[in-house]
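>>> Give the three-dimensional model of this entry:
(chains A, B, C and D)
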There are 2 protein chains.
Amino acid sequence: MRALHHPDVSSVTLPTMLNALADEVRLSVVRQLAEAGGVVCGQFDVPVSMSTLSHHLKVLREAGLLRVTPEGSFRRHELRLAEMETRFPGVLSSILRSA
Amino acid sequence: MRALHHPDVSSVTLPTMLNALADEVRLSVVRQLAEAGGVVCGQFDVPVSMSTLSHHLKVLREAGLLRVTPEGSFRRHELRLAEMETRFPGVLSSILRSA
DNA sequence: CCAAGATTTCGATGACGGTCGAATTGCTGG
DNA sequence: CCAGCAATTCGACCGTCATCGAAATCTTGG
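Numbering: from 1, shown residues only, chains lettered A, B, ... in the order given. Sure thing, here's the model as predicted:
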């Protein structure tokens, strides 16, 4: 496993972020994280295989939306909500508020 | 030219809207519209061919973001900002505010 | 009605993206 | 140190999408 890369929020573009959120599965993951505050990967409730979920988590991470922390043999995933709010004020929060 | 279809905002999903905005060209068009309030098609400043622009305008229209009105031999394009704000409060407005 | 201009549609193309299963890597408890 | 679980990577597949140029469509002025 190569080292996890977390982009600086200042380097994330708006299209990159919107693209990451424009997928049902990824949006669902982000919502689940927002509600839980921090969730272990295998616990996400998504209708795709483990490898596909892994792919989506990577897209979210590279878009600056997630922080991933190895924690034992698991990984902790957290929403970088506060950081994204400073980068794109109101965008992520309003999306999370929308149905 | 078949009749233009404008979806009811209530039928637009969040991923559909975000996907429409997750493209550099389309986001640029939306920004230009927001600034001008109403722009004739041929006047958009985008780095693509006319046929490609037409495609993007269609995507935006079908995502409920644009209202297109034939006006003589031109077409008037307007942002459906107020309607999208009632559907997804804060989303479009915060995106337009972001850099 | 016809010519000209504006825009869309069509057809093709190449790139990208979501998906899966299998193989791989990483970590830990025994 | 090894068995087992967690998660990623790999390779393949297929559908979607951005793009273009050419042809078609629509609208109006003359």
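
>>> from here on, contacts and neighbour counts on C-alpha atoms
Noted.

>>> Can you pull out the low-pLDDT segments for chain A?
A:1-2, A:38, A:41 (pLDDT under 70).

>>> Which parts of it are helices?
Assigned helices in chain A, in chain order: A:14-21, A:24-36, A:50-62, A:81-87, A:91-97 (criterion: DSSP state H).

>>> what's the angle between the first one and helix B:24-36?
Here helix A:14-21 runs at 120 degrees with respect to helix B:24-36, directions being taken by axes from the mean of the first three to the mean of the last three Cα atoms, to 10 degrees.

>>> orientation of helix A:14-21 relative to helix A:50-62 in degrees?
Using the same axes, to 10 degrees: helix A:14-21 against helix A:50-62 is 150 degrees.

>>> For helix A:14-21, name the packing helices and strands.
helix A:24-36, helix A:50-62, helix B:14-21 (3 or more Cα pairs under 8 Å, 6 or more residues apart in numbering or on different chains; DSSP states H and E).

>>> which stretch among those comes nearest DNA strand C?
Of all the helices and strands packed on helix A:14-21, helix A:50-62 sits nearest to DNA strand C, with 4.6 Å by Cα to the nearest atom of the strand.

>>> roughly how far apart are the residue of chain A positioned farthest from its centre and B:Cys41?
No residue in chain A sits farther from the centre than A:Gly72, which is 20.2 Å out by Cα atoms, centre = their mean. Distance, A:Gly72 to B:Cys41, by Cα to Cα, to the nearest Å: 56 Å.

>>> go on, A:Pro47?
As judged by Cα to Cα, A:Pro47 and B:Cys41 stand 41 Å apart.

>>> These two: which is more packed in?
Set A:Pro47 next to B:Cys41 and count neighbours by other Cα atoms under 10 Å in any protein chain shown: B:Cys41 wins out with 17 against 9.

>>> OK, contacts around the more buried one?
B:Phe74, B:Arg75, B:Arg76, B:His77 (Cα atoms under 8 Å, 6 or more residues apart in numbering or on different chains).
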